[in-house]
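K.L.:
sequence? don't have it. structure:
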């Protein structure tokens, strides 16, 4: 038996303590991520007792970063981002600038260098995608319009941070020159040359991935899937993530994170991308735990009692400054108060990208080790408090609405997309089809309705979709169709048919109940993902229910085409 078992000891201690403290965190209604970070603190050099191998933990953390970013790439959807681009892109960029300004100003007041202040501000500007997704999933908000905006916002933040990770090493020498008073000796040409060379390498890597990787990686999955071997399939996914990340770093001098992110994006092109995501999830989660444990090992808890005012300032920037900026931006885009508060709560924490940036800043000699500890302290506190912030949203809104007329106006603000234009042809609002949901299935159904010259009104929560439909001359209203106001705006009382192209069973029941109350003779066509649920919906609502995904839109379209004439003959005049 070998005597040097530091790798085994580090993994055993990290996993064991992470399990215990992660479980304790969930029992206290906090994200398990808090427990993982505390586990790292306990086996780190800043606390007494067993000390794990920091060097080995750092390498394990690098694998964790690769797999985390690979997972982000696998789930990155350009279409989802484009659906909320009008608020997510400008909102995220402005919010990052505001947070960086807060962080830099604070760090400069502490006497830090310009480079250290910049890295510190960037660390505080980006929220944790992992924490956000789990918070939204736990409250059933992930598929809501508020959840889509929050996720799109964080996707933009992630993309900006990927660019920062690429450029920061290239600019580190310039920033250190400015710090040392050698600004005069740093030629502008040298700065632009450094940036240009770095961007050329990144562009070369991206071009290689788009031209070669986009074709080779999906085919690789297909070849391996044909063998029928589950372990080979999982191995191919992990080997691709780590191999592309390592090759990108060695050949193009880009970060492991960027290489793994693009590997995931290219793998998403495969028909087996969902299987790849599912089968790599356990290993990804395991190394992600080690990543958070290794981050905790770098945290010096003495900073909390040695520099309490600095910790308080960091927490204030994360949980107050960023939140207020985000809420104000969302309200400026004329979204209701509920959306603004949800997005603000989503951003009131920092996570994995902050840790990566902080570690890179210290490694490049830009930010002091104290800064990394302050970032970790802010992350621990903000992540632990994030669940409580989400839980307090509804009571807070009720309290504010009760006491503030301004809040009531903001919550029920006049959204022009929530009402049909007065110029809408009234002939299109009698005997029409009310189509709820304009996603993949809804678009196919709408195309058939246009071909058959059947009048229809679209109801969807996504304001950008509604705006685009109106520009195309299609009657459409924005809002949640499980509320009476939206269906009334769609003139459900005079409609011949209600077609629900979203699969949410709870919302569907409410929509059908409201529609049949306002129009007892209306025909109903809807979709479901579950056979038992489909039978229940059919019996409760006397509706035609379509099950599954394959050819779902085609089947619903054909049924609507054939049954519309019968439905319109019984519609209320």
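P.N.:
Now that the structure is in, tell me what you want to look at. All of these numbers come straight from a predicted model, not from anything done at the bench. Residues are numbered from 1 along each chain as shown.

K.L.:
now residue 303. Nearest residue, chain neighbours left out?
P.N.:
Of all residues not flanking residue 303 in the chain, residue 373 sits nearest, at 4.3 Å (C-beta to C-beta, 6 or more residues apart in numbering). (Each C-beta comes from the backbone N, C-alpha and C, glycine too.)

K.L.:
list the buried residues for the helix or strand the one you found falls within?
P.N.:
Using DSSP states H and E, residue 373 falls within helix 369-391. Of the residues in helix 369-391, 370-387, 389-390 count as buried by neighbour count, 16 or more other C-beta atoms under 10 Å.

K.L.:
same deal with stretch 301-318?
P.N.:
Neighbour counts using 16+ other C-beta under 10 Å place 301, 303-304, 307, 310-311, 313-315, 317-318 of stretch 301-318 among the buried residues.

K.L.:
which residues touch the residue nearest to residue 303?
P.N.:
Residue 373 sits next to 298-300, 303 when contact means C-beta atoms under 8 Å, 6 or more residues apart in numbering.

K.L.:
do residue 99 as well
P.N.:
By C-beta under 8 Å, 6+ apart, residue 99 lies in contact with 121, 124-125, 317, 321-322, 325.

K.L.:
buried only: go through the contacts of residue 373 for me.
P.N.:
Among the contacts of residue 373, those buried by neighbour count (16+ other C-beta under 10 Å) are 298-300, 303.

K.L.:
next step: those restricted to helices.
P.N.:
Judged by DSSP state H, the buried ones among the contacts of residue 373 include residue 303 as members of helices.

K.L.:
the domain parsing of this structure - what is it?
P.N.:
For the chain, automatic domain parsing gives the domain ranges 6-397, 420-570.

K.L.:
avg pLDDT for the first one?
P.N.:
If you average the pLDDT over domain 6-397, you get 81.

K.L.:
okay, how far is it across it, tip to tip?
P.N.:
52 Å (C-alpha to C-alpha, to the nearest Å).

K.L.:
how close does the spatially most central residue of the chain get to residue 513?
P.N.:
Nearest to the geometric centre of the chain sits residue 151, at 3.0 Å (C-alpha atoms, centre = their mean). Distance of residue 151 to residue 513, given as C-beta to C-beta, to the nearest Å: 30 Å.

K.L.:
got JSON lines for the domains of the chain, with distance to residue 405 too?
P.N.:
Output for those, formatted as JSON lines (distance: least, C-beta to C-beta, whole Å):
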{"stretch": "domain 6-397", "distance to residue 405": "12"}
{"stretch": "domain 420-570", "distance to residue 405": "21"}
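
K.L.:
nearest to residue 404, out of those domains?
P.N.:
Closest of the domains of the chain to residue 404 is domain 6-397, at 9.8 Å (criterion: C-beta to C-beta).

K.L.:
if I look at the closest residue to residue 357 other than its chain neighbours, how far off is residue 389?
P.N.:
Excluding its sequence neighbours, the residue lying closest to residue 357 (C-beta to C-beta, 6+ apart) is residue 123, at 4.9 Å. In this structure, residue 123 and residue 389 are 20 Å apart, going by C-beta to C-beta.

K.L.:
now swap in residue 480 and tell me
P.N.:
For residue 480, the distance to residue 389 - C-beta to C-beta - is 23 Å.

K.L.:
burial measure for residue 8, as a count.
P.N.:
11 (other C-beta atoms under 10 Å).

K.L.:
try residue 20
P.N.:
For residue 20, using other C-beta under 10 Å, the count is 14.

K.L.:
returning to that earlier point: now for whichever helix or strand comes after the helix holding residue 373, which elements pack on it?
P.N.:
Once helix 369-391 ends, the next helix or strand along the chain (criterion: DSSP H and E) is helix 393-403. Applying 3 or more C-beta pairs under 8 Å, 6 or more residues apart in numbering; DSSP states H and E, one finds that helix 393-403 makes contact with helix 337-346, helix 405-411.

K.L.:
tilt between helix 393-403 and helix 337-346?
P.N.:
Relative orientation of helix 393-403 and helix 337-346, computed by axes from the mean of the first three to the mean of the last three C-alpha atoms, to 10 degrees: 140 degrees.

K.L.:
return the set of buried residues in helix 393-403.
P.N.:
Within helix 393-403, the residues that count as buried by 16+ other C-beta under 10 Å are 393, 397, 400-401.

K.L.:
same check on stretch 106-121?
P.N.:
106-108, 110, 112-121.

K.L.:
could you do stretch 55-62 as well?
P.N.:
In terms of neighbour count (16+ other C-beta under 10 Å), stretch 55-62 has its buried residues at 56-58, 60-62.

K.L.:
all strands of the stretch 401-550 of the chain, in order?
P.N.:
Using DSSP state E, counting those that start in this stretch, the strands of the stretch 401-550 of the chain run over residues 433-436, 456-460, 476-478, 497-500, 523-528, 544-547.

K.L.:
residue 10 is nearest to which of these?
P.N.:
strand 523-528 (47.9 Å).

K.L.:
quick check, distance from that closest one to the centre of its chain.
P.N.:
Offset of strand 523-528 from its chain centre (C-alpha atoms, centre = their mean, to the nearest Å): 30 Å.

K.L.:
ok, now stretch 478-486?
P.N.:
25 Å.

K.L.:
mind listing what's buried along that stretch?
P.N.:
Within stretch 478-486, the residues that count as buried by 16+ other C-beta under 10 Å are 478-482, 484, 486.

K.L.:
next: stretch 117-137.
P.N.:
Buried residues in stretch 117-137, counting neighbours by 16+ other C-beta under 10 Å, are found at 117-136.

K.L.:
repeat for stretch 432-450
P.N.:
Buried residues in stretch 432-450 (16+ other C-beta under 10 Å): 432-439, 441-442, 444-446, 448-449.

K.L.:
same question, stretch 511-523
P.N.:
Neighbour-count burial for stretch 511-523, counted by 16+ other C-beta under 10 Å, picks out 511-512, 514-516, 518-519, 522-523.
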